[in-house]
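Asks: Curious how this folds, go ahead:
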Amino acid sequence: MTTNIIRRHLINYTINQCRLHSIPLVDGIASGMYWNPQYLRWEAEHLPHLVINHQKILLVPKAIVSFKKEYTAQKYYQHFVLNFLQNEHLRLNSALVQQRANGVKYVTKKSIAERNPYSKDFLIEFTRLHPEVLESFKERTTVQPVTNLEIADIDLGTICQNLIHSLRQIPTGRDDADRYHKLVKAILELIFYPMLINPVLENEIHQGRKRIDITFDNAAQEGLFFRFANNMNLPSAYIMIECKNYSSDPVNPELDQLSGRFSINRGKVGFLLCRNIGNLNLFIERCRDTYRDDRGLIIPITDRDLVDILDNYDNWNSDFIEHKLSNIVRRIAIF
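Replies: The predicted model follows:
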């Protein structure tokens, strides 16, 4: 059911990932039915698909996958619906209310379940009448995305060192800008998961008149990427990345280029990735000017920063990345 409802989103994700990794797609394949929430109807169309051995394949973002069965109808019924109905029967002093010897009134879940047994039809009708209970369930039920190690038995340390080696092998200059661009995407996708997901290369905006080198969806529920919007009043639904494979320091035009991609809807937070910054204090001042003028927050990241993060990256602890980025943001935002 879930796949059918979100099928169009999964198709879009599959198309983006295949184009990102140069995996061929087959045009004109029937999508199958999917739900259109705008028009409240089922639809279908012919779209590019990933086809392997004559089978359509849908890729699923690992950030929305979990092996933990926390988000279930049974848990919703047992711990939220029945709790709500207990309080309602006590409030109304219904026939299900009993009284202990000390005068305390109570209602058992068993008695409510006998009157309203678990069924999908009951939950649908109950939720229609009391949508706030479902909202409470969603807010209080935390499902953690799978880690890299839960998907495959991989040596992250070896991967990080390979990425460092590849980064050091890329010369500066226009001829190798594409190699640098794609490697940066791979590094950021690793170190920022699950806070940032679904990278898109060369995302077009303004009817194709401008492009953003890399765009990530911000899926953070805590930490720095969560605080941008909630503590710093910075829209950050998407995090934008610009990559400069220069041998010299980036200057104001590069900062203006990135801040020109910012908007309330897209977001006003971005990273400027470059090979080296000789005069970091001057560059931080330029980032402060942009931030002070309310044109957004630009965070500079150099090769040295990427190597430092990769050397200290592991699958269980994101504190190093959090502290490092927070220190850079603090230098820009506090003036």
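Asks: What is the burial count for N265?
Replies: When neighbours are counted by other C-beta atoms under 10 Å, N265 registers 8. From N, CA and C alone the C-beta is placed, and that goes for glycine too.
Asks: can you pull the contacts of it?
Replies: Taking C-beta atoms under 8 Å, 6 or more residues apart in numbering, we find N265 in contact with P235, A237.
Asks: ok, it to I241 distance?
Replies: To I241, N265 is 18 Å away according to C-beta to C-beta, to the nearest Å.
Asks: And for L92?
Replies: For L92, the distance to I241 - C-beta to C-beta - is 56 Å.
Asks: Beyond the helix or strand where K110 lies, next helix or strand please.
Replies: Assigned by DSSP states H and E, K110 belongs to helix 109-115. Following helix 109-115 in sequence order, the next helix or strand is helix 120-129 (DSSP H and E).
Asks: starting at the chain centroid, how far to that following helix?
Replies: Relative to its chain's centre, helix 120-129 lies at 30 Å (C-alpha atoms, centre = their mean, to the nearest Å).
Asks: Pull out the buried residues from the helix holding K110.
Replies: For helix 109-115, a neighbour-count test (16 or more other C-beta atoms under 10 Å) marks S111, I112 as buried.
Asks: who's in contact with it?
Replies: Everything outside helix 109-115 that qualifies as a contact, by C-beta under 8 Å, 6+ apart, is Q78, L82, L85, Q86, H89, L96.
Asks: Only whichever of those residues are buried, select them in ChimeraX.
Replies: The buried residues among those can be selected in ChimeraX (16+ other C-beta under 10 Å) with this line:
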select :82,85,86,89,96
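Asks: got the contacts of helix 109-115 as TSV, with secondary structure, distance to Y39 and pLDDT columns?
Replies: Below are the contacts of helix 109-115 laid out as TSV (DSSP: H, G, I helix; E, B strand; the rest coil; distance: C-beta to C-beta, whole Å; pLDDT from 0 to 100):
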residue	secondary structure	distance to Y39	pLDDT
Q78	helix	35	91
L82	helix	36	94
L85	helix	35	95
Q86	helix	39	94
H89	helix	40	93
L96	coil	43	93
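Asks: ok, H54 to A44 distance?
Replies: Taking C-beta to C-beta, one finds H54 at 20 Å from A44.
Asks: any idea how this protein splits into domains?
Replies: Listed domain ranges for the chain are 2-60, 73-140, 148-333 (source: automatic domain parsing).
Asks: so which of those domains gets nearest S66?
Replies: Nearest to S66 among the domains of the chain is domain 148-333; the distance by C-beta to C-beta comes to 9.3 Å.
Asks: Which one of L92 and I241 is surrounded by more residues?
Replies: I241 (25 against 10).
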